[in-house]
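Enquirer: coords please:
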Amino acid sequence: IATPPGSTIYACAGSPVAGAQYSFTGGNGLDISVTLATTTVFSTLSGVGSLAGDTITITGDGTLTLVSRPDVYLYSNSGSAARLHNANPGSAGSVKVLTTFRASDAGDPAPGTDWGFSGYAAGLAAINDADGSIELTLNNRIAGRRAGVLAEHNGVGDISIAVGNAATGVEDGSITALGSNPDAHGLIVDHNGTGSITITLNGNITSAAGDGVNATAAADGAGIAVNLGDARIDGGRNGIFADHDGATGGVLIQATVPNAPGTMTGQTGDGIRAENNGAAGIVITTAGGAILGGELGISAENTGDGGISITTADGKVTGQRSYGIGARNLGGGGVSITTGSGDISGGDGTGSFAISANGIGADDQGAGDLTITINDGAVTGDGSGIVAANSGGGGLSITTNDGRVTGIGANGIYARNALDTTDLTIQTKAGRVSGLDRGIYATNLGGGLLRITTGDGDIHGARDEGIRAIGGDAGAGVEVALSGAAP
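Expert: Predicted coordinates:
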């Protein structure tokens, strides 16, 4: 269907044509808006055959909009159920999609029958090569074999995606990737141009083999933000993967609903994996749901300027074959890890980090401080409970409050300051610190003071010392103050 002169709005209703495809094409900067009314656009429930190619296609060089009302079904067995593409670089135009919840959704629907959008390639593909935004508000069920939803920006403008509606109190939006390829992700968000990515999730995201959420920003990106509400993210590889290479911004991943039951799971990879080469660093904050990774529970690697901050609250964080939490900073800034009442545990050491499956592992090579604070929850590693290595210009500080720290196969706490660092401080309070080898093993080769202060909790080494403290020649000495027992 070519855009008639002076007309850019379409409303599609009524019975579909068996095997038909619907294409809306515009030019000369005209906007196109297509509304799919409350009726079945295409569904295998009607008894007709499947489509070849994309079911709904909207192309043009203006703003492209698709609105899908309740009880609309789109299905394609070889393409995408819906595809919007502004393919004119340098033009001005946005890509927008709004889908509406269908109240009769229940259970796990079969592809092509009870899904709102279902495609072999993607349930929904939104691509913008122009200068404008991509705005997706998705409140129906969307599935694809190669991707549930694909959002790709190659121009100038921000990407904003909202899945589900927190105000309804029901599951009114979900995205699923059904394919067995590890690159088949539930939600793919790829910014190759200039602009930011914002993702808000109140609906479940699932991938059978790939990442639940896969978000990447190239050299001109301006940050990636993933806000998790009451949603479950389940990836065959990683739960959430965010990779930001932009010159400005960084990676922000936060759970926004305290005590929400939502979980993040990466079956063979990490529950959360964040990589940043931007200016603002990595910030990860969790509120309540459990985080589980086949390898790491949470993995953060920064080569940018802003450092790493990880804060966990009530939910457990587990790395089945590696660290519970792993943080590596090769850029500027420092590393800060704070845990709440949820337990942190590292696994059996058979994964890609097999040499040390620790509860928390932190490697800071940046200019800032490395700080670890353990509150109420326990920290356990099949290797050590906590391993902290600081070789940047700052200090190293570890504080344990009520939470127990246990190293099943090595040390409770292992901390090392390299040359050109400052102080190394370890303070324990009520929680017990224990290891198969030593309770606390601290080495300071930097220019500052090594200070260890214990509270009421026991410090225990089963095979060696409860506390071993080593100061280098360049340091300011070693101080150990014992208030509790140190068997």
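Enquirer: A strand includes Leu252, no?
Expert: Yes. Read with DSSP: H, G, I helix; E, B strand; the rest coil, Leu252 is one of the residues of a strand.
Enquirer: I'd guessed it sits against Val283; true?
Expert: Yes. The criterion here is CB atoms under 8 Å, and Leu252 meets it with Val283 at 5.0 Å. (C-beta placed from N, C-alpha, C; glycine too.)
Enquirer: The nearest residue to Gly60 once chain neighbours are set aside and Val34, how far apart?
Expert: The shortest distance from Gly60 to any non-neighbouring residue, by CB to CB, 6 or more residues apart in numbering, is to Gly26 (3.3 Å). Separation of Gly26 from Val34 (CB to CB, to the nearest Å) stands at 11 Å.
Enquirer: now Ser207
Expert: 28 Å.
Enquirer: Looking at those two, which is more packed in?
Expert: Ser207 (33 against 22; other CB atoms under 10 Å).
Enquirer: Now do the contacts for that one.
Expert: Gly148, Thr176, Ala177, Ala184, His185, Gly186, Asp234, Gly235, Gly236, Arg237 (CB atoms under 8 Å, 6 or more residues apart in numbering).
Enquirer: can I get those in TSV with distance to Ala389?
Expert: Listed next are the contacts of Ser207 as TSV, based on distance: CB to CB, whole Å:
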residue	distance to Ala389
Gly148	39
Thr176	40
Ala177	37
Ala184	37
His185	33
Gly186	35
Asp234	33
Gly235	29
Gly236	32
Arg237	27
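Enquirer: So which of these wins on neighbours?
Expert: Compared across those, Gly148 has the highest neighbour count, 35 neighbours, by other CB under 10 Å.
Enquirer: shouldn't that one be in contact with Gly179?
Expert: No. Assessed by CB under 8 Å, Gly148 is found out of contact with Gly179, at 9.9 Å.
Enquirer: for the stretch 351-487 of the chain, what spans make up the strands?
Expert: Using DSSP state E, counting those that start in this stretch, the strands assigned to the stretch 351-487 of the chain run over residues 360-364, 370-374, 379-381, 386-390, 396-400, 405-407, 413-417, 424-428, 433-435, 440-444, 450-453, 459-461, 467-471, 478-481.
Enquirer: looking at those, which is closest to Gly315?
Expert: Smallest distance to Gly315 across the strands of the stretch 351-487 of the chain (CB to CB): 14.2 Å, for strand 379-381.
Enquirer: Strands along the stretch 51-200 of the chain, start to end?
Expert: 56-60, 64-68, 74-76, 82-86, 95-99, 117-119, 122-128, 134-138, 141-144, 147-153, 159-163, 174-177, 185-191, 195-201.
Enquirer: list the helices and strands the fifth one packs on?
Expert: Pointing back at strand 95-99 there. Applying 3 or more CB pairs under 8 Å, 6 or more residues apart in numbering; DSSP states H and E, we find strand 95-99 packed against strand 64-68, strand 82-86, strand 122-128, strand 134-138.
Enquirer: any chance of these in CSV, plus mean neighbour count, mean pLDDT and distance to Gly334?
Expert: Shown next, in CSV, are the helices and strands packed on strand 95-99 (neighbours: other CB atoms under 10 Å; pLDDT from 0 to 100; distance: least, CB to CB, whole Å):
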stretch, mean neighbour count, mean pLDDT, distance to Gly334
strand 64-68, 24, 91, 44
strand 82-86, 26, 94, 42
strand 122-128, 29, 95, 37
strand 134-138, 24, 96, 34
